[in-house]
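Enquirer: Output the structure for:
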Amino acid sequence: MAKKSPAKRIAKLEGQVIGMGFLLAKLQQTYGHDFGDGMAEQVKQAVNDYRQLSAAIAQRDAAKASEEQAT
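Expert: Got it, this is the predicted structure:
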């Protein structure tokens, strides 16, 4: 069985992170008031990381689209 390319593995992992971050944000929105202080801080940091990754992916996709239009 051939190994997947690093780019495909990264894309798969990014997709998983986006999915988990989305679910974590929804859990925080629904049940955040029940979290303890430590858990609330960890969830807050994870949701911030998810949002940063989402923004970076969107920026990368926009740059790729504009590059393809220019060519």
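Enquirer: Nearest the geometric middle of the chain, what residue?
Expert: In the chain, the residue lying closest to the centroid (C-alpha atoms, centre = their mean) is Ile18, at 3.2 Å.
Enquirer: Is it correct that that one is in contact with Leu53?
Expert: Yes. If you go by C-beta atoms under 8 Å, Ile18 and Leu53 touch, sitting 6.8 Å apart. Every C-beta, even on glycine, is put in place using the N, C-alpha and C of the backbone.
Enquirer: And the residue nearest to the centre of the chain, how far from Val47?
Expert: According to C-beta to C-beta, to the nearest Å, Ile18 stands 12 Å off from Val47.
Enquirer: same check, this time on Leu27
Expert: 10 Å.
Enquirer: go on, Glu14?
Expert: Applying C-beta to C-beta, the value for Glu14 to Val47 is 16 Å.
Enquirer: follow-up on the earlier one: and Leu27 and Val47? Which one has more around it.
Expert: Regarding Leu27 and Val47, a neighbour count based on other C-beta atoms under 10 Å identifies Val47 as having more, with 19 against 14.
Enquirer: so that one makes contact with Gln28?
Expert: Yes. Contact criterion C-beta under 8 Å: Val47 and Gln28 qualify, at 6.0 Å.
Enquirer: Run through the neighbouring helices and strands of the longest helix along the chain.
Expert: For the chain, the longest helix by residue count, based on DSSP state H, is helix 37-70. Under the contact definition 3 or more C-beta pairs under 8 Å, 6 or more residues apart in numbering; DSSP states H and E, helix 37-70 sits against helix 6-31.
Enquirer: mind checking how far the helix it packs on is from the chain centre?
Expert: Averaging C-alpha positions (C-alpha atoms, centre = their mean, to the nearest Å) puts helix 6-31 5 Å from its chain's average.
Enquirer: ok, back up a step: from the chain's centre, how far out does the longest helix of the chain sit?
Expert: Centre to centre, stretch against its chain (C-alpha atoms, centre = their mean), the figure for helix 37-70 is 6 Å.
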